[in-house]
Every structure is written in structure tokens, then in C-alpha cells.
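Undergrad: next one to model:
(one chain, ligands or ions: 1)
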Amino acid sequence: MKPSRRGVLHGSAATAAVLVLVRPGSVSAQAASTVAPRRTRLAFDWRFALGHAQDPARDFDFGIDQRTYAKAGTRVATAAAADFDDDGWQAVQLPHDWAIDLPFVDNPNPPPMGEDDPKAAHGFKPLGREFPETSVGWYRRSLDLPADLAGKRLSLEFDGAFRDVVVLLNGFIVHEHEGGYSPFRVDITDVATPGEANILTVRVDASLGEGWFYEGAGLYRHVWLVVTEPVHVPQWGVTVRPEPVGSGAKAFVSVELSNEGETDATCEVAMRVIDPDGVEVAKGGVATTLAGWSEGTVDTTLAWDRVMLWSTTTPRLYRLVTEVRVAGHLVDHYEQPFGVRTAVFDAARGFFLNGQHLKFLGACCHQDHAGVGAAIPDRLQVWRLEQLKAMGCNAYRASHNPPTPELMDACDQLGILVITETRRMASDDAAMAELESLVRRDRNRPSVIAWSIGNEEQAIQGTERGARIATTMVRRINQLDPTRPTTAALDQNFGEGVSSVVDILGFNYRTQLMEGYHARVPDQPILGSETGSTVQTRGEYIRDDARHIVPAYDTEHPWWASTAEDWWTLAAERPYIAGGFIWTGFDYRGEPTPFNRWPSVASYFGAMDSCGFPKDNYFYYRAWWRPEPMVHLFPHWNWEGREGEAIPVWVHANVDRVELFLNGRSLGSKDVLPNRHLEWLVPYAPGVIEARGFKAGRALPPVRRETSGPSARIALTSDRTRLRADGEDVAMLKVEILDRQGRPVPRASEQITFEVTGPGRVIGVGNGNPVSHEADRASTRLTFNGLCQAILQTEQRAGEIALTARAPGLRPAMLRLQAS
Ligand code: GAL
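TA: Below is the predicted model:
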């Protein structure tokens, strides 16, 4: 690996800067001037084609005749040439995951029945070294660089790609990056020619995986063009370390500067703190001189009265606005959001946010969604977090990799605490670079409460070697961020190896071992880094191994895990357990436990399915993780042919007492015990089953399940009706099948077709069925147990979008949305 310039900065030059205080008045007087936007998202105008991982002739001659690095800028790949005709390539928009469009492929040599199929882990998509013809993708677009950018510094920032990337500009290799989750930056100044056509070509090779779950393929995160003056704040160059002081706050601020010009520059650096209401509350300034082609850092401390704290209920964000001037001219304007809060782990009493006790009501999540795979639009990131919040979550574990920055932004904005995690527990150069970029990128975020150095590394977590690796990782984290603790998620070896290197110990499952560990190691805070893990199919209540169906009662879990009720009753009552993160918030592609073989292609662990439709366990957490009184009754009441048979009827409710009725006749009432469900066995008779909850003597509105008739019509709803006409915003559309009387038809399987007129299009569909092999990028989908989802994306023009959902023999539904 090349030594990074950042390494140099932290090694020495940082301390060389001369610090001079600028009079505050002179700073604000100049604050009104502006510079051009420094970052532009390159979302549109891309073209895509599959290459080939083995055959250069089918990979645009990449690697042919071993000439890749022979001569700079020539003949690296035909696709990188300016006159290459990409008309036949597919027009795509970022984020983009080409694995979504690949078919599901069964393993021709499956292991014997009863054994897990290794091809199940990534969800039976044809990616990997065995699939050279579908594991390499090429992206191409022209970069619009106006002539007046001559003299500026130009770079590209990739938020992440899966997985190994070669970036070519005008035929030159400008960067290579390995790793599917780490961001990287590419300086293109030397090779770009402002005023002329510049051709950007990116080869992405998804042959090598990093996880045991679906990981997608391609440019599945954003790519940015960054334009700066020679003197500028480099990527992630501003660090703000705030803390409350009395009723006010102070913040240590550190600004890195880069002079990528020939001449010395005397820089005036003005910093302003803008509060959540947009009011400037503190300012300061520092001056320094940077020699040509050097880097430096300026530090200061800013203080202000009356702080507005960031919390999970009031996620108030401040901004640090940094402006850099050289000879009186504004050369850079850099905005860094931050929040002021305290976060304290106490080994005996758990976690405290701003001095208030807070138990982690968390969810682990992977980074894919129905319809779009790993290429999640920003608004969908927010929507997914909103669903978790609605369930009662206050915390998120980014398992098992650094997430996209837009997800982290959303956690800051919505008030969700985050344990973020690097992908590999390793101290080789590449793993350390990934860890470093994670901490540098996210260390200003109020949401981040701990850095996780890894997950279930069975070969090393309990060994001396593992402890050495962990020590190296923790040392680096502490250098980059002395304010947050480290953690690791273990599934065994509690008390050995890595476990004593990290500040906080994460237990994956094994909640019952926590008591003994806490008694042995009373000074180390502990939490459930993965907890629960009931497997369930949404809307199903009878196990059917032949059809790969698991019931949605809170009953079935892998041997290493537990039900929701088992772990939470234990954790809720023990203050030293700081909380837990359920495995998982949503179903995800790959790892289709408990079957782990064809035809299931997605996991069954989610409290919600892969579309975000709640399963019944969602309501267990909703009942005990949120204060609002509620009653949830299940299963559905369509048990044709089972008249007189006993059906287990469950209630998740956080009220005092629930009375159950069948067709108006009371089946008795039961008291609700904290964190427990209620259960009746009810001989089936068609009609209405009803639960009436009582809280503090008052009745809640009754909750009913009614035996429905056959499918008759479609209900179509959208999470929002007004969208941004920016070509990126999305609406989440839900189809539900109803009978003639408007009652949900719980088993309905109807082929829905979506039609759109106006400036929008359906970019993906899903139904939450882990066994479905239907296409994601389609305008049609079967409903699964009465529901399906479409993701509608706007175009870059305003107007009314009319959406119709039809199915043979059913009354269609129509919806109008406004894009402006
Ligand atoms: C854990 C692992 C997760 C997932 C889960 C399935 O051991 O950390 O990534 O594989 O098991 O139960």
C-alpha cells in the first residue's frame, strides 16, 4: 500500500502550524461572501454493462496481453477510450446494485439434506469466482468539468462500492480500491481537462465477498465530484468535540488544512457555531501559514451559553461553519454538523445519555431492502429508520460493516444511537485503513456511541493473537477519537482474548451468561450486541418445512439464539445490561436461516420482513419499547376447514388486562405481566375474534380479526404524497388486498401490476416472501399474505404522478402524488 498523506499529517506536520488568534469582529464581517458548492453528487447519466472476470475479450480488453500497467493512459480497456460507443450499455442511476437484476441460481451440487448450502449465504445470486460472466460490472459517464475549473483541485469521493474498484479517467488508472464498505477518494486534478469531455470509467469486481450475507454488487453508494481551491479543508478535515458545561457548552475544534499550491499561503480560518435554530452562538478564528504543498492543523475552543442537547427524543444538531481565507479571499466553506450530548457507560447501571438512564432498544441491520438490494435511495434509508423508531428502537447496530454516510446522517437527524462496526477484525494495512476511514468519517456524529472492532471472530476472539490485533485496532481508534469507547461482539470466549481489550463487551445471544460474567468482571459494561432472533414468516402460523415456512408466533429460534420474550424479560430487569440489539430489524437477503438451502433466498430473522411490513414480533417490541398503550391480536381469522380445531391466539399488549371475545362471546380476560404475551387456545369458528384492552380502568378501542371473503379489491397507500422532483426521492407504496366488505384478505396471493403516468417510475417491488424468486426490478409482483410493496422514484421534473395497481378480477386502486 502507498503511504497515505494522511499518515504524514498525523505523524508530524499537524503540530507545525503557527496559531494566531484572529479578532472575532474581522471574521464575521467577511462571513457573507460565498464559494461555489464543493461537492456535487454524480447520480445520473451513467451507463452500465457486465464485463468478465476471466476473459479479457469479454471484459473490454481489460488485462489483455498483460498490458494493464504498461504505459500510462493507453489501452487499459477499450471501454475507457473517449470514442468508445456505449450506446448499447444500460442507462443507470446511482446508487445501483447489479446483483438485483441477476437471476437466483440453485446450487447444482447441493450438500446432503440437513446441511446448510454455502450458496445460500449470499442469497443464491451468481456472484463470485465461479460466476465470472456476472461478477464484473463497468460504469461509464462523461464528467462535465467547465473550463473555469482550471486551476482548482478536483477529486472524486466514493462512499463505497462492492467490491474491488479500478477508476479510470480519460483512460488513465487514477485509483484502485479494495473493500466493499469503505469510502475512498480519488484526486483527478492531473488527469482531468476542464473545458473538454472527460470520460470516467469504473470497473467493479464483485468476485470476492466479505460477508456471509447478501452484499450486492457495483456502485451501490453515492459518488461525488469535489471541487476546491488549492488551499482547502481536506475530506473529513474538521473535528468537533463538544461537551456541555453547566447550562452552556464548549467545543474543541480542529481544522485540517491542505495547501495543494506552489506558493506559501497565509490562511485565516474563521469558525462559527450555528445553533439548531440557525442562530450564530459562538465564533472564533485562527491564522496559520502553510508552505506550498504542505498540510497543517489549526485548533481552537469555542464556548457558548444555553446549550440545546442532542438526544433520542430531541436530536438537535449544531453546525460548525469553517471559512478559510487567503489574502482576504474566501477559498473554502466547510460545514460540519455536530451535536452536544454526554454518553456514559456504567458497568453496574448501564448507559446514560445526558445523565439520563437509557436502555438500548436496538436493532442490528444489514444494508439491503426489497426491490433495490444494496442500492438504497437516501429517502428509503430514512424510511427504514422511521419504521424502527415506530417499533420503539432508539439504537442501531451497523452489522457488520461501516454503513453509508446517508444512513449515519439520518441517525443523527432522527435521534438514533449507533454502534458502528468495521468489517474485518484485523490489523493488516487494508483493514486498518478501513477502520481509520470509519472513525475519521463518523467521529463528529452525536449518534455514534461506540466503535465496534468486529463480530464473532471465532478463530481469534479468545486468543492472545486476537488480543494483539484488537489492541492495535483500539490504539488507533483512541488516537483518532479519544471520546468514545470500543466494543466487540463475541459469541463465546467471554473473558478471554479480545474481550478484555475492548471497553464494552458485546454478547451475541447467550443473554443467560451475562449474569455470571458481570459477577466475574463487574467493572466492564456489557450489552447484547445480537439478541433475540426469532425466525418467522410474516402472516404464517403453521410450520411447513416443505414450503420453507416458519410460524410468526414468538416460538422458533436457532439453537444459539432465543425468542424476543426470553431475552428481553431477562435484559429488561437487569440494570447492568445496557440493552440489546435484536437480530434483526428487517429480513435481509441471504442467510436464509432456518432452512439455509434452496429455495429460500432471504433471512427469516426480521421483526419486519424485507419490505418493512411488520411481523407479529414487531408488536412485541412495540408494546414494551414504547409507552403508548396498544393491543395486537393474532393470528388472522381465516381458518377454513379447521372449524372446531384449537387455534393458538396471542396478544402482545402493554395494558393491564385483555379480554378476548369470539363472535361476541367472552373467552375470559387475563392480566398482562410485564414483557410477556398472552395466549388462548380458541376452537375455530368463522366470524370475529376481538381483544379488548384495559389500562388504568379505561378501555382501549377493540382490536379485531375477521374472517374475510375472497379478494375483491386493492387498497393502495403511500408513505407520502408530496415528493421532491429531484430524480432521487422515493415514495413507499403499499398494496393490501381487501374483500368486498373492505376486510383484509390475509392469505391473498394476487398478481399486482403497477402502472405509472407522469414524472415517476417504479424502481423495485417486493412482498417479503423469503422464498420468492420473482424479479425485483419489475412493475408486477404477487402479494404475499395479502401485501406487496412498490418503490416509486421521481424524475427530475415536476408534475402529478398517477399510479394504478391492478390485478385480474379485482377492483383496481389509484393514487395521485405530487412531485415539485
Ligand atoms: C450471528 C452473526 C450474524 C448472523 C446471525 C444469524 O452469529 O453475527 O451475522 O449470522 O448469527 O443468526
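
Undergrad: next, the residue in the stretch 1-150 of the chain positioned nearest to the ligand: phi, psi?
TA: The nearest approach of the stretch 1-150 of the chain to the ligand comes at residue 121, 8.8 Å away (C-beta to the nearest ligand atom). For every residue, glycine as well, the C-beta is placed using N, CA and C. Main-chain torsions, residue 121, degrees, to the nearest 10: phi -50, psi -50.

Undergrad: can you tell me the closest non-neighbouring residue to it?
TA: residue 212 (4.7 Å; C-beta to C-beta, 6 or more residues apart in numbering).

Undergrad: who's in contact with the residue of the stretch 1-150 of the chain closest to the ligand?
TA: Contact partners of residue 121, counting by C-beta atoms under 8 Å, 6 or more residues apart in numbering, are 212-213, 590-591.

Undergrad: and the pLDDT for it?
TA: The model reports residue 121 with a pLDDT of 96.

Undergrad: measure it to residue 406 for me?
TA: Remark: distance between residue 121 and residue 406 (C-beta to C-beta, to the nearest Å) = 26 Å.

Undergrad: what does residue 681 give?
TA: 47 Å.

Undergrad: more neighbours: those two, which one.
TA: Legend: neighbour count by other C-beta atoms under 10 Å for residue 681 and residue 406, higher for residue 406 (19 against 10).

Undergrad: buried set for whichever helix or strand that one is part of?
TA: Following DSSP states H and E, one finds residue 406 within helix 405-414. Neighbour-count burial for helix 405-414 flags 405-412, 414 (criterion: 16 or more other C-beta atoms under 10 Å).

Undergrad: distance from the chain centre to it, please.
TA: Chain-centre distance of helix 405-414: 9 Å, with C-alpha atoms, centre = their mean, to the nearest Å.

Undergrad: stretch 250-267 now?
TA: Chain-centre distance of stretch 250-267: 32 Å, with C-alpha atoms, centre = their mean.

Undergrad: first-to-last residue distance for that stretch?
TA: 24 Å (C-alpha to C-alpha, to the nearest Å).

Undergrad: equivalent analysis for stretch 558-571, please.
TA: 19 Å.

Undergrad: that stretch near the ligand anywhere?
TA: Yes: residues of stretch 558-571 are located near the ligand by C-beta under 6 Å from any ligand atom, namely 558, 561.

Undergrad: who touches that stretch?
TA: 359, 491, 508-512, 514, 528, 530-535, 554-555, 557, 577, 579-580, 582-583, 593-594, 607, 617, 620-621, 624, 675-677.

Undergrad: pull out the buried members of these.
TA: 359, 491, 508-511, 514, 528, 530-535, 554, 557, 577, 579-580, 582-583, 593-594, 607, 617, 620-621, 624, 675-677.

Undergrad: show me those residues that map onto strands.
TA: Among the buried ones among the contacts of stretch 558-571, the members found in strands (DSSP state E) are 508, 528, 530-531, 577, 579-580, 582-583.

Undergrad: quick check: residues of this protein near the ligand?
TA: So far as C-beta under 6 Å from any ligand atom goes, the chain lies against the ligand at 212, 400, 455-456, 491, 508, 530, 533, 558, 561, 583, 591, 593.

Undergrad: for this protein, what spans make up the helices?
TA: For the chain, the helices defined by DSSP state H occupy 5-11, 24-29, 378-391, 405-414, 429-442, 464-480, 514-520, 564-572, 616-625.

Undergrad: follow-up on the earlier one: now the contacts of residue 121 in JSON lines, with pLDDT?
TA: Output for these, formatted as JSON lines (pLDDT from 0 to 100):
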{"residue": "212", "pLDDT": "97"}
{"residue": "213", "pLDDT": "98"}
{"residue": "590", "pLDDT": "98"}
{"residue": "591", "pLDDT": "97"}
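
Undergrad: whichever of those end up buried, select them in PyMOL.
TA: Here is the PyMOL selection string for the buried members of the contacts of residue 121, based on 16+ other C-beta under 10 Å:
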select buried, resi 213+590+591
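
Undergrad: widest-spaced pair of the contacts of residue 121?
TA: 212 and 590 (7.5 Å; C-beta to C-beta).

Undergrad: rewinding a little: can you dump the C-alpha atoms of the helix holding residue 406 in CSV for me?
TA: The C-alpha trace of helix 405-414 is given here as CSV (Å, rounded to 0.1, in the frame of the first residue of the first chain):
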residue,chain,number,x,y,z
PRO,A,405,-22.9,8.1,5.4
GLU,A,406,-26.5,8.9,4.5
LEU,A,407,-27.7,6.3,6.9
MET,A,408,-25.5,7.8,9.6
ASP,A,409,-26.8,11.3,8.7
ALA,A,410,-30.3,10.0,9.2
CYS,A,411,-29.4,8.5,12.6
ASP,A,412,-28.1,11.9,13.7
GLN,A,413,-31.2,13.7,12.4
LEU,A,414,-33.7,11.2,13.8
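
Undergrad: by contact count, what packs against it?
TA: helix 378-391, strand 417-421, helix 429-442 (3 or more C-beta pairs under 8 Å, 6 or more residues apart in numbering; DSSP states H and E).

Undergrad: can you name the residues bridging to residue 671?
TA: residue 657 (DSSP bridges).

Undergrad: tell me the pLDDT of it.
TA: At residue 671, pLDDT is 98.

Undergrad: quick one: stretch 536-543 to chain centroid distance?
TA: Distance of stretch 536-543 from the chain centroid (C-alpha atoms, centre = their mean) equals 27 Å.

Undergrad: for the residue of the chain positioned farthest from its centre, name its beta-bridge partners.
TA: Centroid-distance maximum for the chain: residue 665 at 47.1 Å, with C-alpha atoms, centre = their mean. Residue 665 has these beta-bridge partners by DSSP bridges: residue 662.

Undergrad: distance of it relative to the ligand?
TA: Applying C-beta to the nearest ligand atom, to the nearest Å, the value for residue 665 to the ligand is 42 Å.

Undergrad: okay, now the unreliable bits of this protein?
TA: Within the chain, the stretches with pLDDT under 70 are 1-37.

Undergrad: tell me, how many residues neighbour the residue in the stretch 701-820 of the chain that the ligand sits nearest to?
TA: Scanning the stretch 701-820 of the chain for proximity to the ligand using C-beta to the nearest ligand atom identifies residue 770 as nearest, at 13.8 Å. The tally of other residues near residue 770 (other C-beta under 10 Å) stands at 27.
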